[in-house]
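Undergrad: 3D model of this:
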Amino acid sequence: MSASKLKPLDAVWLMMETPDTPMHVGVLATFQKPARATASYFADLADELRATEAVAPWNCRVSRGVVRKLSEDPDFELDYHFRRSALPEPGGERELGRMISRLHSNALDRARPLWEFHLIEGLENNRFAFYIKIHHALVEAVNGVPALLSTLASSARARNVSPLWTVPLSAVESGDLMDDLGSSGLEGTLDSAGALGRAVVDMARAAVQPSERNSFIFPRGTPRSTLNRHINAQRRFATQEIEQARIEALAEATDSTVNEMLTYLMGSSLRRFFKEYNALPDESLVGIMPVSLQERSQHLAGNAIAGLRVSLGTNFGDPLARLDAVKASMQEVREDRASLPEEAVTSYVLLRAAPLYASQLGVLGRFVPPLYNLAVSNTAGSDKPLYFNGARLESIYPLAPLMQHSALSVDCVSYNGNFNIGFTGARDTLPHLQRMAVYLGKAMTDLEELLAAGEVA
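TA: Just a heads-up that it's a prediction; the model follows:
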């Protein structure tokens with residue numbers, strides 16, 4: 001394989017990575033062993049996976065220097081990237097969470113291809129898990145969930161399912177960025193990572209000026225909170241699974257959308273969590289939702305970090321007032337999303353991304369006012385069960401990278417009638433993160449009780 005250039009905006013993820021902010025995405029997927037699995041099931045599965053051959057970019061490493069390239073690693077070893085381990089007894093969710101938190105805290109080795117795949121056995125009730133870690137420079141999607149789902153089968157009878165590293169990723173292309181973008185509107189605006197970097201520095205300097213702090217680039221309304229502290233590399237991970245039918249029933253009963261209901265539940269969970277620690281800001285916490293360029297343009301600019309801000313209503317004690325605030329904010333998000341100019345959506349989104357890059361620039365980043373408190377996302381998964389060589393996928397959760405001064409990401413995936421919600425947090429900033437997941441479930445029950453009591457008009 002000849003060397004392939006990373007798109008400048010993919011390479012930016014490498015530029016932003018520091019010892020405290022590793023820039024990889026993760027996926028945790030749990031499976032039920034096939035009913036007739038033998039005692040050697042895991043050994044056989046591991047042997048089958050090790051016998052496969054990795055293709056580009058999975059067998060490629062990133063070059064150093066200003067222009068980042070991917071080229072085949074002559075010393076590639078699948079055994080380094082594919083790892084088999086087991087949970088300690090009793091193999092419950094607590095033990096799994098601790099292992100995933102530890103694995104997600106460690107940065108990928110830049111001297112090797114930027115991914116790891118962990119086969120984890122020993123889960124209670126005859127289950128096992130995959131934990132996958134991929135550098136965001138290789139993944140154009142918000143997270144790595146679509147990449148894994150694309151390798152699974154819709155039938156329990158399907159065998160010889162190809163593992164992830166045997167399927168090419170689309171993020172790496174041999175063509176020049178400008179050839180791919182064509183008339184997307186980016187040309188002449190930000191045509192390289194260097195140009196983007198210069199724009200970022202200019203915006204970081206502008207952030208020091210009070211007159212610039214209530215503009216399109218640096219909007220007001222985001223309170224400084226515990227979530228906006230300096231973070232280190234250690235992570236916590238917690239999960240919550242809720243039935244899609246319950247969310248849909250609540251949405252219908254309150255004249256809300258499913259996304260509005262999920263956002264309301266996140267805000268309710270955060271309000272209760274931070275009130276416990278007497279750390280709830282007077283103003284509402286603000287989440288940032290990623291913008292999908294695929295929805296608006298055929299020309300992609302790679303991994304642009306951009307998003308739309310949504311208020312989570314955490315400043316309202318009354319649940320119904322909080323829901324109304326979330327609905328109003330989500331309507332503003334929809335209007336904002338629709339306002340993106342079709343003819344120049346990429347450059348417009350990149351303009352919004354620049355302050356996020358600026359906030360990561362060490363000393364300069366300290367002067368950038370907080371643009372958001374946490375990241376939130378909702379990824380469409382599959383509405384039907386999926387299988388890996390006969391093993392049924394039970395749940396799938398995304399794990400997000402955390403940027404400096406943003407200690408939490410709450411990410412949801414829909415799968416087979418459930419919403420799987422992953423909470424990725426900075427360990428030292430957010431103790432007892434699992435409580436946040438529990439409180440989200442409690443918020444749903446509380447709203448159901450309000451509805452049953454007839455307190456919702």
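Undergrad: give me the mean pLDDT for stretch 284-292.
TA: For stretch 284-292, the mean pLDDT works out to 82.
Undergrad: how far away from the center of its chain is that stretch?
TA: 12 Å (C-alpha atoms, centre = their mean, to the nearest Å).
Undergrad: stretch 419-431 now?
TA: Relative to its parent chain, stretch 419-431 has a centroid offset of 12 Å by C-alpha atoms, centre = their mean.
Undergrad: can you give me the strands for the stretch 1-150 of the chain?
TA: Ranges of strands within the stretch 1-150 of the chain are 4-5, 24-32, 60-62, 69-72, 82-86, 115-123, 127-135, based on DSSP state E, counting those that start in this stretch.
Undergrad: least confident secondary structure element in the protein?
TA: The weakest-scoring helix or strand in the chain, judged by mean pLDDT, DSSP states H and E, is helix 177-181 (a mean of 29).
Undergrad: is L450 in contact with R322, as I believe?
TA: No: counting by C-beta atoms under 8 Å, L450 does not reach R322; the two are 11.6 Å apart. Any C-beta I mention is one placed from the backbone N, CA and C, and that applies to glycine too.
Undergrad: determine which of the strands of the stretch 1-150 of the chain approaches K384 most closely.
TA: Minimum separation from K384 across the strands of the stretch 1-150 of the chain (C-beta to C-beta) falls at strand 24-32, 15.4 Å.
Undergrad: which neighbouring elements make contact with the closest one?
TA: helix 93-105, strand 127-135, helix 145-149, strand 391-399 (3 or more C-beta pairs under 8 Å, 6 or more residues apart in numbering; DSSP states H and E).
Undergrad: where among those is the average confidence lowest?
TA: helix 145-149 has the lowest average pLDDT among these, namely a mean of 91.
Undergrad: now it: how far from the chain's centre is it?
TA: Distance of helix 145-149 from its chain centroid, counting by C-alpha atoms, centre = their mean, is 12 Å.
Undergrad: what does it contact?
TA: Contacts to helix 145-149, defined as C-beta atoms under 8 Å, 6 or more residues apart in numbering, come from residues 27, 29, 130, 132, 134, 139, 141, 164, 167, 169, 379, 381-382, 386, 396, 398, 413.
Undergrad: go with 7 Å
TA: Helix 145-149 is contacted from outside by 27, 29, 132, 139, 164, 169, 379, 381-382, 386, 396, 398, 413, using C-beta atoms under 7 Å, 6 or more residues apart in numbering.
Undergrad: same thing with stretch 92-111?
TA: If you take C-beta under 7 Å, 6+ apart as the criterion, stretch 92-111 is touched by 22, 24, 26, 28, 61-62, 87-88, 114, 116, 118, 120, 123-124, 129, 131, 133, 135, 233-238, 399.
Undergrad: check which residues of it are buried.
TA: If you call a residue buried by 16 or more other C-beta atoms under 10 Å, then stretch 92-111 has these buried ones: E95, L96, G97, M99, I100, S101, L103, H104, S105, A107, L108.
Undergrad: before we move on, what about stretch 51-61?
TA: A54, V55, A56, P57, W58, N59, C60, R61.
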